[in-house]
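[1] generate coordinates for the sequence data below:
(2 chains)
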Amino acid sequence: MTGLRFIAALTVLLAARAACAAETAQEIVAKADEIRNPGKPFKSTTVLTEYRSGQPSDRNVLVVYSKIDPATRQFRNLARYIDPPRDAGKMVLLGAVLWFYDPATKDSVRISPQQRLTGQAAIGDVLTANLAVDYTATLMGEETIEDAARQQKKCWHLDMKAASETATYNHIEYWVEEGTHDPVKAKFYADSGRLLKILYYRNFLERLDGLRPTQAVIIDAVDSSLVTVVDFSDSKFTDIPDTWFQRDYLPHLNAQ
Amino acid sequence: MIARLAVALLCAGTALGAGAAQADDDELDRIPAPTASQQANTSNADEVFFLQNDVIGTARRSDLPVAFPPPFPARWEERLFADARINWQLSDDVSLYYSGRLNLRAEDGLDVPSHENIRHDFREGYLAWKAGGATFLDIGRINLKSGVALGFNPTDFFKTRAVVEPLSADPSVLREDRLGTLMVFGQHLWENASLSVAFAPKVTNPSPIYRNDNLPSFNPMLDRTNAETRFLAKGSARLFDDFAPELVLFSNDGHWSYGTNITHGIGQKIVAYAEWAGGNGLDLADEALQFGKDTGTIPPAASSPLPSSTTRRFESNASVGFSYTTESKITFNLEYHYHQAGFSDADWTRWFGAGALGNPALDAELWYIRGYAADQGVPTARQEAFLRADWVDAFVEDLEITAFINADLRDASSFSQVTADYYLSREWTIGGLAAASFGGKRTDYGSLPSAGTFLVRVSRYF
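    Numbers count the residues shown, from 1 in each chain, chains lettered A, B, ... in the order given. Okay, here's the model as predicted:
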């Protein structure tokens, strides 16, 4: 009897190893990236709702134009603030070089990656990032975790280290559902190792020719009262010329 | 043995799993209940309206080393204005843009009622045509801004005389109520390059420098922006990585200037930048007095209180600095400003020396030079240091604090300002500002007639 159990356990182990050999951690992350965002240029309305102690406290609306840079395989984003009205029309170009444009002053200012994080547009930028490009992933194992709706999900647990200068975070823990490759949960860490944010994807609906998450819940691990819910709506594929991703284009982007 | 090890591992795994489950429960408890997907707000970023009321108080400096000619800075001001920026999309490729501000104003020294109580600033009004995806042609009154620095922009050639009644000395706010120039503007973009050309015709003669008590009510004031024929061409190209220098060529009634803008990112937190412009010109005092004579403010036969020359020489202006952003959302900008036409050490000595003579006509000329520098958007001093800090979510969420200091490197005198804005709600913002000039009596900023200013404001966005 003991021998049979041992053989069964050995079989499971060998099967797991075979599965890992068939699909590397990096491939898992890349497939989850494809679920999160398509490879073609698209436009999406992003609504960020902040909750303080469970109550809605602030809201920002942006229209984001996203397109992959063939040179870096990373998304470039052009975000235009729609709401609140005091920020309406302001723009952030998030590409190889970052620019902030204010229509009130007709002035564009180059910003650093760190300065990008002071604005809400950075959240959308992180959500469109191709993680497989910026991070090196290692498969830690398999886990069954609860998703945002408290449903049990059997996931690959991945550990990801920043592999490029454009990576926003030093280290990410990532859970991807086995089989579907749906992203379920991520934990983002600072250089110091401090946990900064916990992210859950939810509301998987048909969007941009695929079943994709239409909502992300970002739990702030530093400010325990803060949660940000990010909704993606009005998504559609659109032609985005490469000429848009430079400082001099910003004054020309209006209601498209 | 194997069975014991398996049990031990199972127990350890269960214990770890229980801890993780507890942590997950805490996280999941914080997640708001699912709602229907949030729809975009009905706000239209192509139509921005706001009302703002400002109350301003100013403390005058007494015992000035050079007597200030009237009118003196107002002790109090009340400003209520409606500000609008509207973009009408006439077709897929053509749009009409308007930007302006309607002011109701009162201050000590202004008669009420008078035409000075109501004013309209027609900042911009132009037709924009997208000729294909990468070529743009705009015609009308356009606010064309150039430069990468924050405190002083030598390549921002259309800044001269354009700022009307500023409510803040912060350079980034000054540009919010700046008049555009009547021009034709064309631009073509390539994937990693751009070329822009602007032609602004002379449509009227230059006017004297405006004071607070003689601003026109509904005049577009083209005399401030189109009193010379001006031409600008600028182009940039990405040469490698993030290095995309911009070259600028500018002509003002046939006097040519050249400039360049460069930025470079250093790591995650720093952006370094440099801006330079040069061309043949007169020193500040000579240029100011010539302008004063041309516009009838200064008698043609008046002699210069400072050594003068009518010979133009090549002069440089530069702004070099960097921004640094901390993890606590504070962005610092530190810059060095060089204005070669500005006052040298000897010029300051002569300026204060001439002022000590107690000749009112001479005093008016001396202050005219400094007023001219402010009107042109250039420092009086030759070398300055500029430090600005902008703190988002300072102390509490939705509070933004901005502070800057502009210091004359010759005499260490300075002008400082602190602004705080609290975003009460989506529509309402309240704010305050305090500014003061520091320095000895015979210094750049210590000799100004205004010692300090405070302002409180409330804004309502629609």
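[2] stretch A:198-208 close to chain B?
    Yes: with CB under 8 Å from any CB of the partner chain as the criterion, chain B is reached by stretch A:198-208 at A:198, A:200, A:202, A:203. To be clear about C-beta, it is placed using only N, CA and C from the backbone, and glycine gets the same treatment.
[3] for the second one, give me its contacts.
    Under the criterion of CB atoms under 8 Å, 6 or more residues apart in numbering or on different chains, the neighbours of residue A:200 are A:147, A:148, A:184, A:185, A:216, A:217, A:219, B:27, B:31.
[4] repeat that for the first one.
    By CB under 8 Å, 6+ apart, the residues touching residue A:198 are A:185, A:186, A:187, A:188, A:218, A:219, A:221, B:27.
[5] how about a markdown table for the residues you listed, with neighbour count added?
    Shown next, in a markdown table, are the contacts of residue A:198 (neighbours: other CB atoms under 10 Å in any protein chain shown):
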| residue | neighbour count |
| --- | --- |
| A:185 | 24 |
| A:186 | 23 |
| A:187 | 18 |
| A:188 | 21 |
| A:218 | 23 |
| A:219 | 23 |
| A:221 | 17 |
| B:27 | 19 |
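[6] which among those residues gets closest to residue B:149?
    Taking CB to CB as the measure, residue A:188 is the one of these closest to residue B:149, at 33.9 Å.
[7] I figured the closest one hits residue A:197, correct?
    Yes: with contact defined as CB atoms under 8 Å, residue A:188 counts as touching residue A:197 (4.5 Å).
[8] returning to what we had before: please flag which of the contacts of residue A:200 sit within strands.
    A:184, A:185, A:216, A:217, A:219 (DSSP state E).
[9] quick one: pLDDT of the nearest residue to the third one once chain neighbours are set aside?
    Meaning residue A:216. If the residues on either side of it in the chain are set aside, residue A:216 comes closest to residue A:230, at 4.4 Å by CB to CB, 6 or more residues apart in numbering or on different chains. At residue A:230, the model reports a pLDDT of 93.
[10] check residue A:166 too.
    74.
[11] quick check, it in contact with residue A:73.
    No: the criterion here is CB under 8 Å, and residue A:166 misses it with residue A:73 at 10.9 Å.
[12] now the helices for the stretch 251-400 of chain B?
    Ranges of helices in the stretch 251-400 of chain B, per DSSP state H, counting those that start in this stretch, are B:284-294, B:345-355, B:360-376.
[13] of all these, which lies closest to residue B:186?
    Using CB to CB, those put helix B:360-376 closest to residue B:186, at 26.5 Å.
[14] what mean pLDDT does the closest one get?
    Per-residue scores along helix B:360-376 average to 96.
[15] again, but for stretch A:205-222
    On average, stretch A:205-222 scores 93.
[16] one more: stretch B:422-439?
    97.
[17] with stretch B:397-406 instead?
    pLDDT averaged over stretch B:397-406 gives 96.
[18] which other residues reach that stretch?
    A:57-58, B:151, B:169-171, B:379, B:384-394, B:414-424, B:445.
[19] buried set for that stretch?
    Buried residues in stretch B:397-406, defined by neighbour count with 16 or more other CB atoms under 10 Å in any protein chain shown: B:400, B:401, B:402, B:403, B:404, B:405, B:406.
[20] before we move on, the earlier item: got the contacts of residue A:200 as CSV, with distance to residue B:165 columns?
    CSV is the format used below for these (distance: CB to CB, whole Å):
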residue, distance to residue B:165
A:147, 57
A:148, 52
A:184, 56
A:185, 54
A:216, 45
A:217, 47
A:219, 47
B:27, 52
B:31, 50
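[21] partner residues bridging residue B:272?
    residue B:264, residue B:322 (DSSP bridges).
[22] residue contacts, it?
    B:263, B:264, B:265, B:266, B:321, B:322.
[23] ok, of those residues, which one's closest to residue A:253?
    residue B:263 (20.5 Å).
[24] for that closest one, give its distance to chain A.
    Residue B:263 sits at a distance of 5 Å from chain A (criterion: CB to the nearest CB, to the nearest Å).
[25] now do residue B:462
    Taken as CB to the nearest CB, the span from residue B:462 to chain A is 6 Å.
[26] give me the packing partners of whatever helix or strand residue A:29 lives in, helices and strands only.
    For residue A:29, the host element (DSSP states H and E) is helix A:25-36. Counting contacts by 3 or more CB pairs under 8 Å, 6 or more residues apart in numbering or on different chains; DSSP states H and E, helix A:25-36 packs against helix A:131-134, strand A:135-146, strand A:152-162, strand A:171-177, strand A:183-189, strand A:211-220.
[27] what strands line up against the fifth one, and which way round?
    On the basis of DSSP bridges, the sheet neighbours of strand A:183-189 come out as strand A:171-177 (antiparallel), strand A:195-206 (antiparallel).
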